[in-house]
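Undergrad: Mind looking at a prediction? Sequence and model below.
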Amino acid sequence: MIRAYLSVFKLRINTGLQYRAAALAGIGTQFFFGSIFIMIFMAFYANSTEAPPMSLSQVITYTWLKQAFLALIMLWIRDNELFQLITSGNIAYEMCRPSGIYGFWYAKLLAQRLSSALLRCFPILIVTVFLPAPYRLELPPDWLTFLLFLAVLTAGTLMVIAISMLIYISVFVTMSPGGSLLIFSIFGEFLSGMVVPVPLMPGWMQDIVYLLPFHWTADFPFRVFTGDISKLDALKGLAAQLAWLAALASFGHYTMNRALRRVVVQGG
Amino acid sequence: MRLYLKYMKMIMKSQMQYRASFLLLAFGQCLTPFTTFAGLYFMFERFGQLKGWSFYEVALCFAVTQMAFSFAEVFGRGFDVFSSLVVSGDFDRLLVRPRGTVLQVFGSRFEFARFGRLLLSVFLLIWAAGNIEVDWTFLKVTTLVLMVVSGVVIFLGIFILAASVSFWTVQGLEIANIFTDGGREMTQYPLNIYQKWVKRVFTFIIPFACFNYLPLLYILERDGAGGHPLYAMLPLAGFLFLAPCLLVWRVGVRHYRSTGS
């Protein structure tokens, strides 16, 4: 069973790695967006009277991490093939497979994200570490923090995929992917701190954000990286992430099975 | 023009087929600028000002950009998905028809769901213009309207330019996003908060500043621009940008070789 998932995973990674030119263009775009966001933050910080809850260099590091790991954390990344399977009725073939659809799709989506992130994150991280002062990506304070970051980023990525599985499942009901994808990605993006970093939001908004799963996917790992979150809190957060992951995955599994039972395959 | 309206009606009907998804989409489209605007609001709540610009001033800037962009997107979406026409070889069909290619690509797609976004930006614009401390003279209102129109034209120009690239590369280029989405993201704020190179590129090469930042200076009577009606007429310069874009498109069409699928 696990072997089947692993081979899907490997296959996808290999296909993903072939699009190097596209990745290069993507990297250029991400550098541009990153520097625009940073300039906007710098302009806000320029005349600030009281000390904001996040230092400028932390915000800048946060922004570069966001650009580097975009492929791992953004909800709007989609696999049109899966949408087509559902809407065209070819889902029938998938249902004939010996492995469960949930795990099979999960592995496929994970591999897609990993392959495009692997291509893109290193060039961005390496270049931004060597940028001149205000634009530089500040490395984490020590190795342990870095290892913790890797752990919580992994858990965050697994959560993103569990959430995006829910989008695919919702298409069984609406039969057209645009709407649910958009709603999920807009709210998800805002609530995970991609528009404004969570510490800069007003208190009441932060209260809402901390209730929902989204901020664990991006905001939390990035703040572990900048040292904003202590090591102990990072460990506690990891536990919370795993609990959310288990809840989201089992909910997804359950709703998917229900949706599949109701599937009516049209025509040949 | 009649043909254009006909294209529009056809696509409208087809998009209404999946009603639930359409409504979700319209709602979602309306939310996109809403969340970015919420972000802007939160940042102002935290910091109070942006290099001397007040909240409503930036909100006006934001609204003009959003409105121009959503207009351009509702009507010019065909250019955005143009590369798929080239890949599949379907562009051949357009070439044999007795109409201009620009018009046909224009009519090939409308995103009516994006009206949601347009609506929100109209509301924002009126709200920001009402709250700002400006004596609205006739010339200033004209300038505001011209700003939106000129913004639409510039964004359409960029859409056409980005689509023309696929005559040569077959695939569309992700890098074009810098000028479409990136341009929108950037011009939501007054251009003078950025580094010099950004300001220069987006004033002289792509005239974003002409539809947004510079005429805004006139409306707000900032930096001594109040007395110069020349600033008020700057949005017209945006129209000049369309000429080279259409030229590139023409060269592209002539260069086009079918993929022949």
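TA: Thanks, I have the structure now. It should be emphasised that the depicted structure is a prediction, and the values quoted were computed from it without experimental measurement.
Undergrad: Between the two ends of stretch B:12-27, how far is it?
TA: 17 Å (CA to CA, to the nearest Å).
Undergrad: Kindly report the same for stretch B:14-22.
TA: 11 Å.
Undergrad: Can you tell me which residues in chain A are near chain B?
TA: Within chain A, the positions adjacent to chain B are A:22, A:25-26, A:28-29, A:32-33, A:36, A:39-40, A:43-49, A:52, A:174-180, A:182-183, A:186-187, A:189-190, A:195-196, A:200-202, A:205 by CB under 8 Å from any CB of the partner chain. Yep, even glycine has a C-beta here, placed from its N, CA and C like the rest.
Undergrad: And the residue of chain B closest to chain A?
TA: Ranked by CB to the nearest CB, the top residue of chain B for proximity to chain A is B:L24, at 2.8 Å.
Undergrad: That residue against A:V171, yeah?
TA: No: between B:L24 and A:V171 there is no contact under CB atoms under 8 Å: 11.3 Å.
Undergrad: okay, and the common contacts of the two?
TA: A:S180 (CB atoms under 8 Å, 6 or more residues apart in numbering or on different chains).
Undergrad: Mind jotting down where the helices sit in the stretch 1-150 of chain A?
TA: A:2-16, A:20-46, A:56-68, A:70-73, A:80-88, A:91-96, A:101-129, A:143-174 (DSSP state H, counting those that start in this stretch).
Undergrad: Which strands or helices does the fifth one pack on?
TA: The reference is to helix A:80-88. If contacts are counted by 3 or more CB pairs under 8 Å, 6 or more residues apart in numbering or on different chains; DSSP states H and E, helix A:80-88 sits against helix A:91-96, helix A:101-129, helix A:143-174, helix A:177-191.
Undergrad: Mean neighbour count, those: which tops it?
TA: Ranked by mean neighbour count, the helices and strands packed on helix A:80-88 are led by helix A:177-191 with a mean of 21 (mean count of other CB atoms under 10 Å in any protein chain shown).
Undergrad: contacting residues around it?
TA: A:74-76, A:78, A:80, A:83, A:87, A:163-164, A:166-167, A:170-171, A:174, A:195, A:208-209, A:212, A:214-215, A:217, B:20-25, B:27-29, B:31-32, B:35, B:38-39, B:113.
Undergrad: same check, this time on stretch B:48-61
TA: A:43-44, A:46-49, B:37, B:40-41, B:43-44, B:124-125, B:127-129, B:131-133, B:187-190, B:192-193, B:212-213, B:216, B:219-220.
Undergrad: Among these, name the ones in helices.
TA: A:43-44, A:46, B:37, B:40-41, B:43-44, B:124-125, B:127-129, B:131, B:187, B:213, B:216, B:219-220 (DSSP state H).
Undergrad: which residue does chain A bring closest to chain B?
TA: A:G179 (2.8 Å).
Undergrad: Report the residue spans of the chain with pLDDT below the cut-off.
TA: Defaulting to chain A. Per-residue confidence for chain A (pLDDT under 70) gives these ranges: A:1, A:16-20, A:98, A:175-177, A:263-268.
Undergrad: actually it's chain B I care about, not the one you picked
TA: In chain B (pLDDT under 70), the answer is B:1, B:15-21, B:84, B:87-89, B:96, B:98-99, B:106-113, B:169-174, B:224-227, B:257-261.
Undergrad: Would you map the helices across it?
TA: Using DSSP H, helices in chain B cover B:2-15, B:19-47, B:55-80, B:82-88, B:91-96, B:101-107, B:115-131, B:138-169, B:181-187, B:196-200, B:208-211, B:213-220, B:229-232, B:237-255.
Undergrad: which secondary structure elements does the last one contact?
TA: Contacts of helix B:237-255 with other secondary structure elements, assessed using 3+ CB pairs under 8 Å, 6+ apart, are made with helix B:101-107, helix B:138-169, helix B:208-211.
Undergrad: same thing but 10 Å
TA: helix B:91-96, helix B:101-107, helix B:138-169, helix B:208-211, helix B:213-220 (3 or more CB pairs under 10 Å, 6 or more residues apart in numbering or on different chains; DSSP states H and E).
Undergrad: tell me the angle it makes with helix B:138-169.
TA: Counting by axes from the mean of the first three to the mean of the last three CA atoms, to 10 degrees, helix B:237-255 lies at 20 degrees to helix B:138-169.
Undergrad: Go through helix B:237-255 and flag the buried ones.
TA: B:A237, B:G238, B:F239, B:F241, B:L242, B:C245, B:V248, B:W249, B:G252, B:V253 (16 or more other CB atoms under 10 Å in any protein chain shown).
Undergrad: of all these, which comes closest to B:T101?
TA: Distance to B:T101 across the buried residues of helix B:237-255 (CB to CB) is lowest for B:V253, with 5.7 Å.
Undergrad: So for the closest one, what's the nearest residue that isn't a sequence neighbour?
TA: Excluding its sequence neighbours, the residue lying closest to B:V253 (CB to CB, 6 or more residues apart in numbering or on different chains) is B:T101, at 5.7 Å.
Undergrad: Now do the contacts for that neighbour.
TA: Neighbouring residues of B:T101 by CB atoms under 10 Å, 6 or more residues apart in numbering or on different chains: B:F91, B:L94, B:L95, B:W249, B:R250, B:G252, B:V253, B:Y256.
Undergrad: Tabulate those residues (JSON lines), appending distance to B:M10.
TA: Putting those into JSON lines (distance: CB to CB, whole Å) gives the following:
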{"residue": "B:F91", "distance to B:M10": "19"}
{"residue": "B:L94", "distance to B:M10": "16"}
{"residue": "B:L95", "distance to B:M10": "21"}
{"residue": "B:W249", "distance to B:M10": "24"}
{"residue": "B:R250", "distance to B:M10": "27"}
{"residue": "B:G252", "distance to B:M10": "26"}
{"residue": "B:V253", "distance to B:M10": "24"}
{"residue": "B:Y256", "distance to B:M10": "25"}
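Undergrad: Centroid-nearest residue for the chain?
TA: Defaulting to chain A. Centroid check for chain A by CA atoms, centre = their mean gives A:I73 as the closest residue, at 1.4 Å.
Undergrad: oops, I was thinking of chain B
TA: B:F69 (2.7 Å).
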